[in-house]
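> from the sequence below, what's the structure:
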Amino acid sequence: MKIGLLIYGNLDIVTGGFLYDRLLVEYLESQGDRVEVISLPWPAYARGLLDNFSPAFRQRLEGLDCEVLLQDELIHPSFFRVNRKLRRRLECPIIAIVHHLRASEAHPPWRQRLHRWVERQYLHTVDGFICVSRATQGDVEKLAGNSRPLMVAHPGGDRLPGTISPEQIAARALAPGPLEIVFIGNLIPRKELHALLKALAAIPRTGWRLTVAGSLTMDAAYVEAIRQQMEQEGLTAKVDLLGTLDRAELAALLSRSHLVAMPSSYEGFGIVYLEGMSFGLPAIASTAGGAREIINHGRDGFLVAPGDTAALAGRLERLILDRGLLLQMSLAAKANFARHPTWEESLSSIHRFLHSFKANCLIS
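Numbering: from 1, shown residues only. Modelled structure (predicted):
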């Protein structure tokens with residue numbers, strides 16, 4: 001089957017969403033499908049909206065030759081009108097891959113209303129949805145209803161090399177020394193590194209160490225604000241900003257850490273929590289979004305309300321002081337990971353969905 005995939009930017013961008021898209025393309029091609037990735041320049045939001053009124057923008061897409069057109073939902077600003085005309089020319093189903101809705105993020109009220117309106121218009125122009133979590137499914141159905149085909153395909157957590165035994169988990173948890181905390185995410189405001197630093201500043205410095213792995217170039221102003229916060233709070237010697245790591249480096253970091261802490265204001269799913277659990281790391285995440293589909297609060301991690309730094313500090317300090325609890329939660333995290341689908345299982349379900357979708361279109 002000939003499949004098109006429309007994205008902003010390129011598949012080499014290091015985010016969970018682009019990882020999902022990249023692994024999906026690789027899997028579909030391994031199954032004999034032909035996938036053409038159409039990479040569009042990533043515009044500012046307002047500029048993307050103007051694409052809908054540009055004949056030149058629309059014309060450059062009308063020559064696509066595909067039987068199913070996938071769209072990463074991130075491109076919705078440029079397509080909330082274009083899709084209505086595009087789908088008539090292409091005569092093939094359009095399916096959106098939805099990692100999370102922009103309207104689900106925290107914005108000022110006027111901007112929230114704009115995002116909700118634009119995303120609603122976009123969601124009504126597609127024929128089906130692939131959602132990464134039940135939380136994302138719920139957000140999509142609130143805006144677009146539930147009258148079109150939709151599937152949930154959770155990301156896997158098994159792409160990193162290496163493994164860890166229960167004995168190694170126990171030795172790591174009970175060894176003397178600070179609690180080794182890891183934050184894995186690009187340094188952008190939504191990931192809430194600033195909230196984690198504020199929480200850590202409220203507990204004794206001797207009990208922990210933080211390692212941050214993620215892009216330092218996506219939001220230069222935010223990174224500078226983080227560096228200033230670290231200096232003002234006296235945390236510079238306690239925090240390492242490593243930048244982006246490759247798979248082997250990330251696996252090595254997780255294997256020597258105790259805890260994943262990324263209290264994002266919103267995550268559609270949160271692959272890093274599951275990848276941490278593959279190495280026996282409990283996770284601390286936000287109650288907003290899909291993290292609750294991974295983390296069982298109090299058993300293999302903690303969920304805190306967005307921005308509640310006091311609660312976040314309390315959860316961190318509890319694990320610093322109680323290594324027995326840390327061990328218990330670490331073993332539970334490893335067991336939880338084993339119950340989640342692998343990438344192979346999730347991607348194969350998408351493959352079946354796309355082929356059945358195309359078959360149903362031919363029948364109708």
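> now do the buried residues in the longest helix seen in the chain.
What stands out as the longest helix in the chain, according to DSSP state H, is helix 343-363. If you call a residue buried by 16 or more other C-beta atoms under 10 Å, then helix 343-363 has these buried ones: 343, 346-347, 349-351, 353-355, 357-358. For glycine as for every other residue, the C-beta is placed from the backbone atoms N, C-alpha and C.
> tell me which stretches of the stretch 1-150 of the chain form strands.
2-8, 34-40, 68-72, 94-98, 128-131, 150-152 (DSSP state E, counting those that start in this stretch).
> now do the contacts for the residue lying closest to R87 once chain neighbours are set aside.
Excluding the flanking residues, the one nearest R87 by C-beta to C-beta, 6 or more residues apart in numbering is I94, at 5.5 Å. For I94, the contacting residues are 69-71, 83, 86-87, 125-127, by C-beta atoms under 8 Å, 6 or more residues apart in numbering.
> CSV for the buried residues of helix 343-363, including pLDDT and distance to K2?
Output for these, formatted as CSV (pLDDT from 0 to 100; distance: C-beta to C-beta, whole Å):
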residue, pLDDT, distance to K2
W343, 97, 23
S346, 97, 22
L347, 98, 18
S349, 97, 20
I350, 97, 16
H351, 96, 14
F353, 96, 16
L354, 95, 11
H355, 91, 12
F357, 79, 14
K358, 67, 10
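> JSON lines for those, including distance to L216?
Shown next, in JSON lines, are the buried residues of helix 343-363 (distance: C-beta to C-beta, whole Å):
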{"residue": "W343", "distance to L216": "27"}
{"residue": "S346", "distance to L216": "30"}
{"residue": "L347", "distance to L216": "30"}
{"residue": "S349", "distance to L216": "35"}
{"residue": "I350", "distance to L216": "32"}
{"residue": "H351", "distance to L216": "36"}
{"residue": "F353", "distance to L216": "37"}
{"residue": "L354", "distance to L216": "36"}
{"residue": "H355", "distance to L216": "41"}
{"residue": "F357", "distance to L216": "40"}
{"residue": "K358", "distance to L216": "42"}
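> now, which of those residues sits nearest G280?
Of all these, W343 has the smallest distance to G280: 19.4 Å, by C-beta to C-beta.
> list the contacts of that closest one.
Counted by C-beta under 8 Å, 6+ apart, W343 has contacts 23, 27, 155-156, 158-159.
> how near is it to F279?
Note on W343: its distance to F279, by C-beta to C-beta, to the nearest Å, is 16 Å.
> and if you look at L150?
With C-beta to C-beta as the criterion, L150 and F279 are 32 Å apart.
> out of the buried residues of helix 343-363, who's nearest E231?
W343 (39.9 Å).
> looking at strand pairing, list the partners for the closest residue to F183 other than its chain neighbours.
Distances taken as C-beta to C-beta, 6+ apart put V212 closest to F183, at 4.7 Å, once the chain neighbours are dropped. Taking DSSP bridges, one obtains F183, L241 as the residues bridged to V212.
> surely V212 is in contact with K191?
No: using C-beta atoms under 8 Å, V212 is not in contact with K191, being 9.8 Å away.
> mutual contacts of the two, please.
F183.
> so how far is D158 from L250?
13 Å.
> cool, S133 as well?
From S133 over to D158 (counting by C-beta to C-beta), the distance is 17 Å.
> of these two, which one has the most company?
S133 (25 against 17; other C-beta atoms under 10 Å).
> show me the contacts for the more buried one.
Going by C-beta under 8 Å, 6+ apart, the list of residues near S133 reads 152, 154, 268-269, 289-290, 293.
> retrieve the pLDDT associated with L90.
Listed pLDDT for L90 reads 80.
> just for the protein, where's the confidence low?
358-364 (pLDDT under 70).
> three-state assignment of I181?
strand (DSSP: H, G, I helix; E, B strand; the rest coil).
> quick check: the gap between it and I271.
Counting by C-beta to C-beta - I181 and I271 are separated by 18 Å.
> also S54?
35 Å.
> more neighbours: which of the two?
More crowded of S54 and I271, by other C-beta under 10 Å: I271, with 23 against 12.
> for that one, give me its contacts.
16, 19-20, 155, 157.
> same list (the residues you listed) but as a markdown table, adding neighbour count and distance to V223.
Formatted as a markdown table, those follow (neighbours: other C-beta atoms under 10 Å; distance: C-beta to C-beta, whole Å):
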| residue | neighbour count | distance to V223 |
| --- | --- | --- |
| G16 | 21 | 19 |
| L19 | 16 | 21 |
| Y20 | 26 | 25 |
| P155 | 28 | 26 |
| G157 | 24 | 27 |
